[in-house]
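>>> sequence and computational prediction follow.
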Amino acid sequence: MVSTTRTRTSGFSARDLSAPWRHVDGVLVVAVVVVATMGSFMVYSATRHTPANSDLIYRHVGFVAMGAILMAGVSLIDYRRVTDWWQVIYGVSLVLLLGVLTPLGTTINGTSGWYRFGPVSLQPAELAKIGTIIAVAAYLGAADRVDLRRLGVSLVMLGIPLGITVMQPDLGSALVFVAIALGMLVVGGVRLKHLIILVILGVLGLAALLSSGALDEYQRDRLTSFVTPSGQSYNVTQAQTAISSGGLTGYGYGEGPQTRGGFVPVQESDFIFTVAGEEWGFVGAGILVAALGVIVWRTWRAAQLAPDRTGTLICVGIMSMFLFHIFENIGMTLGLMPVTGIPLPLVSYGGSSVLASFVAIGLVQSVHMHRFS
Amino acid sequence: MDTDSNQIRLGVIGIIALSLFLALFGRLWFLQGIERQEFEAASVSNRLRVLHTEGPRGRILDINGRVLVDNRTQIVVALDREPLRESVSGLDENDADDAAEIRAELSEGFTDMAIALSSYGIPTSEEDIWENYIDKRYAPQEPVPIAEDVPVEVEQYFAERRFELPGVVVERRTVREYPYGPLAAHLIGYVGEINDKELLERGVPVPGSDEEPSSTTTIPDESSKPYLPGDSIGKTGVESAYEEALRGTPGQRTIEVNAQGELLDVVSEQAPERGDDVWLTIDLDLQKKTEDALAARVDSLRGNVDKDGRPTDAPQGSAVVTDPMTGEVRAMASYPTYDPSDIVNGIPSGLWDYFQSPESGFPLNNWAMQGTYAPGSTFKPFTAMAGMRTGFLYPGHESYPDSGTYELQNCESDKCEFQNAGGVAHGTVDIPRSLTVSSDVFYYWVSEGLWLNKDTYGETAIADSAESFGMGSKTGIELPGEHPGRIPTPERRREAYAANPEVFVTEKWFTGDNLNTGIGQGDVLSTPLQLANAYATIANGGAVMRPHVAFQTSRSIDATKPPGQEGNYEVTGTIEPEELSRVEFTPEQHQKIVSGLVGVTQNGSGTAAEPWQNNPTAWPMAGKTGTAEVSGKADTSVFAGWGPVAEGLTPQYTVAVFIPESGFGADVAAPLAFEILAPASRGELTPVCPVREPERSECETKHAKALERAQRDFVEAAAAAEAEGEGEGANG
């Protein structure tokens, strides 16, 4: 055992009931395996018919393997050792996030959100979400109460990455920060009165931002297109057509006509859920949603069982992040939500997203495993 | 903040999470469980494309199975402007400056194209291709044909340079082919691209049209030969009348495509099928003779003047030959004519303008059924029949002393004296003689008598008689565009006046009107086909037959053999002779009319005796000349008749000839009618051969050999007969 903070040592270490490895959340592990496996099959089905994308599946599986190792590693580290370094983690996150706005960053589809290293590209927003969660959890968790000062500081801590992602502009990620903020502040103990004022100020601020000249036209268009989805209807129609025609049991793996014919745009990432809907029907898509639900549930449970406020807040932040990703991503393919480019955790193709999701689950596992340490 | 509050807040978050997941499940079930069918249809229409290929049209054969209209494949070089527009996007070709810029941009490619085409013997310039590029008659996404009917080498040339010359597309399309050239062009009609009106009539929605498809016709899905925009359809003649039989069954190929429109899979395939072949009642040899004789006659008239110095311009002419017993049309000629192979790809606008101009003589019109003329004296048999049927003429009261002029008994207007043509006196004429010598005075007497006794005979005795023979209404031939002609009556004059008072002088019907009607003048109008059919009714003893030009449809058994070859076709439909009505007359009444008409050619005093003597048919003929006056112009020359007319012989041919602005019936129309029927009556029609080599030479050689053989047989038979005669003589 690597733990150095053993408090109640007696007898063999193998019999140490507080040993972290004894408290691995097996249900969470199974859910993650189910989701990631289904996701890999889905990415393959979505990419196999396009010669240009034929190598994506290998990269995806590679990222999943790397992510799994990272998850295991992170879960073994006591989350308190991680939060000790929150200032550094937060600082690095911000630097990486800011860096993409410089010439070092790469612009894809109008969004400056990537670093490119040869064939691999890194999306720092995905990692910054986790960095910010760790930092805010550590900062708010250090005190019992959230007074106005702490509220203000944590708002600034959340607001900076949010602002940067708006500038990229990456509206999806910006909204994730809003969701994280709401979840962490609510559970962190912000007074209801403050929360309401905050929401009102947020709405006013957004309105001011849109009407002022601070944003370029294309940035404003991206923000407003979320609520006025013109030009998105083709994608959504194709996605809903794919899912709905799958019916109860689907066309069978590799047989979905919409998937086979490549009718759903960016199917391997943003619209990956359509593969499950079309080829596996309500049964398969339902299992996928349920497995994702289990991940969220176990994260919520870890938050409840956490021995301290920091652990709770880490889990709540991650839960909010996952919840928003899942609901927005699946919701837009089902026509429930407006369209914005945001991946489905552990399923969508995309190295940064896959790695960040596994790290986040590793953190949840760490809180769960180390609750008796 | 206490722990309880923390737990409550966490609980709230949990409930929110749970509800969001339930929302996802609910929506998923709604889409996959409830809305499924709707989206499944969307998925199908996304990926499945139904490609429609027109089947080849059936062929048109003559009565002996000779192919009159065939199909052939044509290679067309066309300009697809879509890829070209991309290279000049942002420029407006309607703006002069922009247009110049576009042209400069595209000029190089156009020049290359023009040089290539010219090198294959299709003279083309960059200018020509530019004109095609800006041609507004074609939809933007529709390729504009640049060169039609190009050799196969051109197709290969452009196929190899697909990427160097964007916008050039080479297509293959099936067009009509006419082995006998312009022969029977009006009868056959032509094929063209289906227009919006025709699509709507067939219940096919037209893209970009506000009009709803007609609901009274069949829904396209129910038709086995549905149409799509761009398909071909028969526009006139047999092509239109027998469209349903001739049209091929379109093939359908259902393919699965991906989002880029690339083929993934062929789901189902149904090959197109050829349409049925249509057999005409036309005898090509007789048709050829009729057309040639008509054209020669008209050409010989033009540039001359008649006896009164009026130019015989003969702007048109037509002749119809039918079988009086069945109504089958054996030949139908209209002059001037056109070459249908000039318009297999549609009528070029320049040619269309010419066809619509008077100097062309409107060659697209089939004057034999669309032209209407005063029938003149050919109308007299109907007036005679009116006189007999009413009882005005009866044995003992059926001759009149013809002094050359007729004085009205009851004169109401300023014109009280009517004359024979040239004022000739014919002496005492009875019914047969009145027809043989064509006495106007006799018919003035009958016409006035009928009018003066209208209380007894009715106002419309003459019209009723003529109409019972089918005059004044469409004959019901299956060809589209037939004109009904016109028979005037007092009632119709009143109606016409009431509708357009400013056009007509009076609404009153005078005795003189009855006189004019009685001799086929005044307001009487008839089509050549109508008159032929009315004479067929006299010839066959009173049956008004529906004329028709086709007698059966068939399908080839072996596509590689000629469609008309004995045993190589199965009949899919027949068109039976149809008796529309019968004319009531007694055998005596009929006999008087017939003997008068036989006299026209057989009696020395007959109006057509001399031309018949000059060119006699193998058997005696009955007929009637007509010379209809048209104010200020040369007379319309008319002849109608039939033959053979003799005891024991069945009438075989009815003929009607009309040539306006040409002269006397006896001088123009009657000789033309005998010229046509004389060889036909003897079975000596020259066999017609296809216009194209090598078929032409093969056909001519075959006929020459047959003729040689027949002559040899004749000589041998004669020699044998002679030898036998000598033998007999020796024996005797």
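Now that the structure is in, tell me what you want to look at.

>>> mind listing what's buried along stretch B:339-348?
For stretch B:339-348, burial by neighbour count (16 or more other Cβ atoms under 10 Å in any protein chain shown) applies to B:340-341, B:343-347. To be clear about C-beta, it is placed using only N, CA and C from the backbone, and glycine gets the same treatment.

>>> in strands only, show me those.
Of the buried residues of stretch B:339-348, none are assigned to strands by DSSP state E.

>>> helix, strand, or coil at the residue lying closest to residue A:73 once chain neighbours are set aside?
Once flanking residues are discounted, residue A:73 sits nearest to residue A:362: 6.9 Å by Cβ to Cβ, 6 or more residues apart in numbering or on different chains. Here residue A:362 takes the helix state, with states given by DSSP: H, G, I helix; E, B strand; the rest coil.

>>> how close does residue A:362 get to residue A:25?
Separation of residue A:362 from residue A:25 (Cβ to Cβ, to the nearest Å): 11 Å.

>>> try residue A:38
Using Cβ to Cβ, residue A:38 is found at 20 Å from residue A:25.

>>> just residue B:410 next, same as before
From residue B:410 over to residue A:25 the distance is 126 Å, taken as Cβ to Cβ.

>>> between these two, who's got more neighbours?
residue A:25 (21 against 9; other Cβ atoms under 10 Å in any protein chain shown).

>>> the more buried one reaches residue A:366, doesn't it?
No: the criterion here is Cβ atoms under 8 Å, and residue A:25 misses it with residue A:366 at 10.4 Å.

>>> identify the contacts common to the two.
Between them, residue A:25 and residue A:366 share no contacting residue under Cβ atoms under 8 Å, 6 or more residues apart in numbering or on different chains.

>>> enumerate the residues of the stretch 51-200 of chain A near chain B.
A:144-146, A:183, A:186-187, A:189 (Cβ under 8 Å from any Cβ of the partner chain).

>>> can you say which two of the residues you listed are spatially most distant?
Greatest spatial distance in these: A:144 and A:183, 19.1 Å, computed using Cβ to Cβ.

>>> in helices, which of the residues of the stretch 51-200 of chain A next to chain B fall?
Secondary structure from DSSP state H places A:183, A:186-187 of these in helices.

>>> output the residues you listed as CSV; include the columns pLDDT and neighbour count.
Listed next are those as CSV, based on pLDDT from 0 to 100; neighbours: other Cβ atoms under 10 Å in any protein chain shown:
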residue, pLDDT, neighbour count
A:183, 93, 27
A:186, 90, 18
A:187, 90, 26
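
>>> and which of those is nearest to residue B:49?
Residue B:49 lies nearest to residue A:183 out of these, by Cβ to Cβ, at 48.8 Å.

>>> I'd guessed the closest one sits against residue A:315; true?
No: between residue A:183 and residue A:315 there is no contact under Cβ under 8 Å: 9.8 Å.

>>> who are the contact partners of residue B:339?
Residues counted as contacts of residue B:339 (Cβ under 8 Å, 6+ apart) are B:178, B:181-182, B:185.

>>> again, only using 6 Å
Neighbour list for residue B:339: residue B:182 [criterion: Cβ atoms under 6 Å, 6 or more residues apart in numbering or on different chains].

>>> pLDDT score assigned to it?
With respect to pLDDT, residue B:339 scores 93.

>>> what ranges do the strands span in the stretch 51-200 of chain A?
Taking DSSP state E, counting those that start in this stretch, the strands of the stretch 51-200 of chain A run over residues A:105-108, A:111-117, A:120-122.

>>> and among these, the most buried is which?
Most buried of the strands of the stretch 51-200 of chain A, by mean neighbour count (mean count of other Cβ atoms under 10 Å in any protein chain shown): strand A:111-117, with a mean of 18.

>>> ok, that one: who's next to it in the sheet?
Sheet pairing of strand A:111-117 (DSSP bridges) gives strand A:105-108 (antiparallel), strand A:120-122 (antiparallel).

>>> what's the longest strand in chain B?
Longest strand in chain B, counting residues (DSSP E): strand B:67-79.

>>> and that one, what's buried?
Quick answer for strand B:67-79 (16+ other Cβ under 10 Å): B:67-71, B:74-79.

>>> what packs against it?
strand B:60-61, strand B:144-147, strand B:168-177 (3 or more Cβ pairs under 6 Å, 6 or more residues apart in numbering or on different chains; DSSP states H and E).

>>> low pLDDT regions in chain A?
Low-confidence segments of chain A, defined by pLDDT under 70: A:1-15, A:213-232.

>>> tell me which of the helices and strands packed on strand B:67-79 lies nearest to chain A.
strand B:168-177 (25.8 Å; Cβ to the nearest Cβ).

>>> what's that closest one in contact with?
Applying Cβ under 6 Å, 6+ apart, the contact partners of strand B:168-177 are B:56, B:69-78, B:80, B:143, B:155, B:158, B:191, B:344.

>>> which positions in chain B make contact with chain A?
Residues of chain B lying near chain A by Cβ under 6 Å from any Cβ of the partner chain: B:1, B:9-10, B:14, B:17, B:20-21, B:24, B:27-28, B:31-32, B:35-36, B:39-40, B:42-43, B:46-47, B:258-259.

>>> these in helices, which ones?
Reading helices off these with DSSP H, I get B:9-10, B:14, B:17, B:20-21, B:24, B:27-28, B:36, B:39-40, B:42-43, B:46-47.
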